[in-house]
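Enquirer: next comes the sequence, and after it the predicted model I'd like to discuss.
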Amino acid sequence: MTFLSRIMLLKSQAHFSTDVQRGGAVVNSASFKGAGKRKSEMAKTRVGLMFATFCVAYAVIGGRLIQYGHAQPETVSSIFPADRLMASRPDILDRNGELLATDIRTVSLFAEPHKIVDTDEAVERLSTVLDDLDAKDTYRKLSSNSRFQWLRRQLTPKQQSQILALGIPGIGFRPEKRRFYPGGPTASHIVGFVNIDNRGMAGMERYIDNQGMADLRALGMTSDAPLEPVRLSIDIRVQNILRDTLVQSVQKYGAIGAGAVVLDVHTGEVIAMASVPDFDPNKPTEGAQEGWLNRMSNGTFEMGSTFKAFTTAMALDSGKVRLSDSFDARYPIRIGGFTIKDFHGKHRILTVPEIFQYSSNIGTARMAEAVGITGHQEFLTRMGLLSKIETELPEVATPTQPRVWKQINSVTISFGHGVSTTPLQTAVAVSALVNGGRLIPPTFLPRTKEEADALAQVVIKEKTSEDMRFLFEWNGTKGSGRRARVDGFDVGGKTGTAEKVVNGRYSDDKNFNAFIAAFPISNPQYAVLTFIDEPQSGDDNGGPTAGYTAAPMMKEIIRRSAAILGVEPTFGEDGSALLVSY
C-alpha cells in the first residue's frame, strides 16, 4: 500500500471516528433530556399521591369526629372526674359558730362491666355484704355494654373493707363527699339538704349553690380545698327549744302541723324558725312530702284575727281613727248576702282597745270601712303582706288575694279571711308594728343594725307603732293573750282563730290557730309567731282555739328562750315578776 493510500485510509478512519463520536454526542444529549422529563413527571405524581393521601386521611378523621359528635352517649351514671366528686361544700354554722352542716369523706362502689369475669358470681358475692342489693338490677348493670356503672353510693368503711376482701375483678371504689347534719331535723327547713352528688336541693344549701357554687361545679373549678364557712343568723339553742315545743304541741293537741318563728325586730334576723312535720336532712328521701313542706315560708294560710292588728294599725295610721274612738258593735253587719257577727259579742258600743281585746269582727270591719277599699289594699301591700317576700331561703310562697277588691272583700279581710299569706311574712309585718314602723326584709344570715337601717322602709308612723304596742300589751293582760304571758318578760300579742276552707266552704271543726307577739313589749327586741294547724283539743278544756293552743305554745317558747336571747326579766321591789304597763 502506497503511502498515499495509507494516508487516505487513515484519514477516512479518522472521519469515521469523528462521525461516530458526533453521533454519540447527539444520542447522549437526547437521552439526558428524556430522563429529566420523566423524573419531573414522577415527582409530580408522588406529590399528587401524597396530597391525595392526606386528603383521604383528614376526610376519614373528620368523618369519625362527625360520627362521634352525632352518636348517642353511652348511658352510665352520674359520674364525674374524681376531683369534682371530691369537691368540698362550705360548712354551715349557726350565729355562735355551732356546726349545722359539714362534709365527711366516703367512698362509692362502681363496676367496669367489660372486666367482669362471671356476672352471676359477682352478684352473688356482693349480696353477701349488701343485704338490700337489688340482684336483678345489679345483674343488668354488670352485663351491660357500658364501661362504667354505679353499684352503691356512699358505703360505710365496714362495707368497703368487706367488698375489698371479696376480690371481685372489675369492681372498684371512688372517693366522694357526704353531707352530714349533726342536728338532724332540728333546723332542717332552714339548712336544707343535698342530693347524692352533694348538690344543694333545698334551704340554705340550695342558696349556697345559687350564689355560684353550682356554676363553679359545672365548669369543673371546684376543688377539695376547705371553703370559708357560711354562718347563719339562727341560734341553734333557741331553734331546738322552738322545734321541741312544736313537736310536743302537735302531739298534745292532736294537730296535723305547727310552726313558729323568732325574729329580731331591729335587724330582721331569723333567730329560729321551724315547721313540723319535718325531716332528717341526713336521710331526706325517707321524709314524706308532708315533712318536706316548710309551712312557715312556703305555705299560705288565712291568718284569722291576727290580721285585726294590721286593720287597727291601718285605721290609726290613716288619722281617721284614734285610740279614744268607739264603734257600734251591737248589731251584725249584713252585706252582699253575708252576715258578719262576733264570736263572743258584747252587743254594745266598743272602744278601739275593747275591739282589739274582744276581737270584735264588727268593730274591726267598721274601722276598715272608715279607711276604704283602696286604702285597705294599699296598706296591706305597703306592709308586705300581699307580695312575695325576698329572703335567702328559696322556698317562699306568694300570697293570694281577690282579683278585684269589693266591699265584702275588704270587710272579711279586715278580720283575716279572704287573703292568705305565709306565717313568716306575717311575723315580719308584726315586727314593723312594734319597732317604730320600719319594715325590714327577713334574713337567715347575720346582719348588723346599720345594715338593717339601710334596708328598712318606714311603713307606719312612730305614733302608730306606739299605739300598737299599747294594744298588744292591753290584750296581753286583759284579753286573749293572757295565756302567753311569761312572768317578768312583758309579753304582748294577739290571737287568731281561723276556720279553714274545705271543699270551697269554711269548716266548723277545722281551725288554723295563730298567735303574734313581741317581747318585752315596752321595748320590743323580738317578735314571735306561733301557729297550730287543725288542733283537736286545747289547754284547760278550753277547746281548739288560739287562746288555748297557740298562746300556750308562745308562752313555752319565750319562757325557755328569753334568757338565752339575753332578755332580762323585770322584777318589782318585793322580788316578784313585774308586768309593765303603759
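Expert: Perfect, I can see it now. Everything quoted here is computed from the prediction, not taken from an experiment. Numbering: from 1, shown residues only.

Enquirer: for Ile234, see how far away Thr391 is.
Expert: Note on Thr391: its distance to Ile234, by Cβ to Cβ, to the nearest Å, is 13 Å. (Glycine included, C-beta is placed from N, CA and C.)

Enquirer: could you do Gln160 as well?
Expert: Distance, Gln160 to Ile234, by Cβ to Cβ: 36 Å.

Enquirer: higher neighbour count, these two?
Expert: Higher neighbour count among Gln160 and Ile234: Ile234, with 30 against 16, using other Cβ atoms under 10 Å.

Enquirer: for the more buried one, helix, strand, or coil?
Expert: coil (DSSP: H, G, I helix; E, B strand; the rest coil).

Enquirer: correct me if wrong: it contacts Leu263.
Expert: No: using Cβ atoms under 8 Å, Ile234 is not in contact with Leu263, being 11.0 Å away.

Enquirer: list residues touching both of these two?
Expert: By Cβ atoms under 8 Å, 6 or more residues apart in numbering, Ile234 and Leu263 have these common neighbours: 270-271.

Enquirer: identify the residues contacting Ala255.
Expert: 249, 532-536, 549.

Enquirer: got a pLDDT number for it?
Expert: We note a pLDDT of 97 for Ala255 in this prediction.

Enquirer: name the SS class of it, please.
Expert: Here Ala255 is recorded as coil under three-state DSSP.

Enquirer: Ala329: neighbour count?
Expert: Neighbour number of Ala329 under other Cβ under 10 Å is 25.

Enquirer: that one and Leu323: what is the separation?
Expert: Ala329 sits 16 Å away from Leu323, taking Cβ to Cβ as the criterion.

Enquirer: over to Glu462?
Expert: 15 Å.

Enquirer: what does Gln377 give?
Expert: In terms of Cβ to Cβ, Gln377 sits 24 Å off from Leu323.

Enquirer: higher neighbour count, these two?
Expert: Gln377 (18 against 14).

Enquirer: quick check: that one touching Trp405?
Expert: Yes: applying Cβ under 8 Å, one finds Gln377 in contact with Trp405, separated by 5.3 Å.

Enquirer: and whatever helix or strand Thr106 lives in, what does it pack against?
Expert: According to DSSP states H and E, Thr106 maps onto strand 99-111. Here strand 99-111 touches strand 92-93, strand 149-155, helix 157-166, strand 171-180, going by 3 or more Cβ pairs under 8 Å, 6 or more residues apart in numbering; DSSP states H and E.

Enquirer: with mean pLDDT and distance to Phe470 as extra columns, can I get the ones you listed in a markdown table?
Expert: What follows is the helices and strands packed on strand 99-111, written out as a markdown table (pLDDT from 0 to 100; distance: least, Cβ to Cβ, whole Å):
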| stretch | mean pLDDT | distance to Phe470 |
| --- | --- | --- |
| strand 92-93 | 98 | 39 |
| strand 149-155 | 88 | 57 |
| helix 157-166 | 89 | 63 |
| strand 171-180 | 89 | 48 |
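
Enquirer: format the ones you listed as CSV; extra columns: distance to Thr421.
Expert: Output for these, formatted as CSV (distance: least, Cβ to Cβ, whole Å):
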stretch, distance to Thr421
strand 92-93, 28
strand 149-155, 40
helix 157-166, 48
strand 171-180, 32
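
Enquirer: nearest to Lys510, of those?
Expert: strand 92-93 (36.9 Å; Cβ to Cβ).

Enquirer: for Leu232, phi and psi?
Expert: phi -100, psi 170 (degrees, to the nearest 10).

Enquirer: surely it touches Leu445?
Expert: Yes: counting by Cβ under 8 Å, Leu445 is a contact partner of Leu232 at 6.3 Å.

Enquirer: the more surrounded of the two?
Expert: For Leu232 versus Leu445, the count of surrounding residues by other Cβ under 10 Å is larger for Leu232: 26 against 16.

Enquirer: and that one, how far from Ala498?
Expert: Relative to Ala498, and taking Cβ to Cβ, Leu232 is found at 31 Å.

Enquirer: ditto for Gln251
Expert: From Gln251 to Ala498 the distance is 22 Å (Cβ to Cβ).

Enquirer: those two: which has the busier surroundings?
Expert: Shown here are Gln251 and Ala498; by other Cβ under 10 Å, Ala498 has more neighbours (24 against 11).

Enquirer: just checking, which helix or strand of the chain averages the lowest pLDDT?
Expert: helix 82-85 (a mean of 46; mean pLDDT, DSSP states H and E).

Enquirer: and Ala202, what is it in contact with?
Expert: Neighbours of Ala202 in contact, by Cβ under 8 Å, 6+ apart: 189, 192-193, 292, 394-395.

Enquirer: keep only those of the residues you listed that are in helices.
Expert: 189, 292 (DSSP state H).

Enquirer: can you redo the contacts of Ala202 as a markdown table with neighbour count?
Expert: Shown next, in a markdown table, are the contacts of Ala202 (neighbours: other Cβ atoms under 10 Å):
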| residue | neighbour count |
| --- | --- |
| His189 | 29 |
| Gly192 | 27 |
| Phe193 | 24 |
| Trp292 | 19 |
| Pro394 | 19 |
| Glu395 | 18 |
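
Enquirer: and the contacts of Ala202 as a markdown table, adding distance to Val47 and pLDDT?
Expert: What follows is the contacts of Ala202, written out as a markdown table (distance: Cβ to Cβ, whole Å; pLDDT from 0 to 100):
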| residue | distance to Val47 | pLDDT |
| --- | --- | --- |
| His189 | 75 | 97 |
| Gly192 | 68 | 96 |
| Phe193 | 68 | 95 |
| Trp292 | 72 | 91 |
| Pro394 | 66 | 96 |
| Glu395 | 71 | 96 |
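
Enquirer: what about Lys500, which SS state?
Expert: Lys500 is classified as strand under three-state DSSP.

Enquirer: offset the numbering so it begins at 181, please.
Expert: Okay, residue one is now 181; in that scheme the one you just asked about reads as Lys680.

Enquirer: give me the nearest residue to it, chain neighbours excluded.
Expert: Computed as Cβ to Cβ, 6 or more residues apart in numbering, the closest residue to Lys680 that is not its neighbour in sequence is Lys690, at 4.3 Å.

Enquirer: where along the stretch 381-530 of the chain do the strands fall?
Expert: Shown for the stretch 381-530 of the chain, the strands assigned by DSSP state E, counting those that start in this stretch span residues 410-411, 437-444, 450-456, 506-508, 513-515, 518-520, 529-531.

Enquirer: quick one: buried residues of the fifth one?
Expert: Which is strand 513-515. 513, 515 (16 or more other Cβ atoms under 10 Å).
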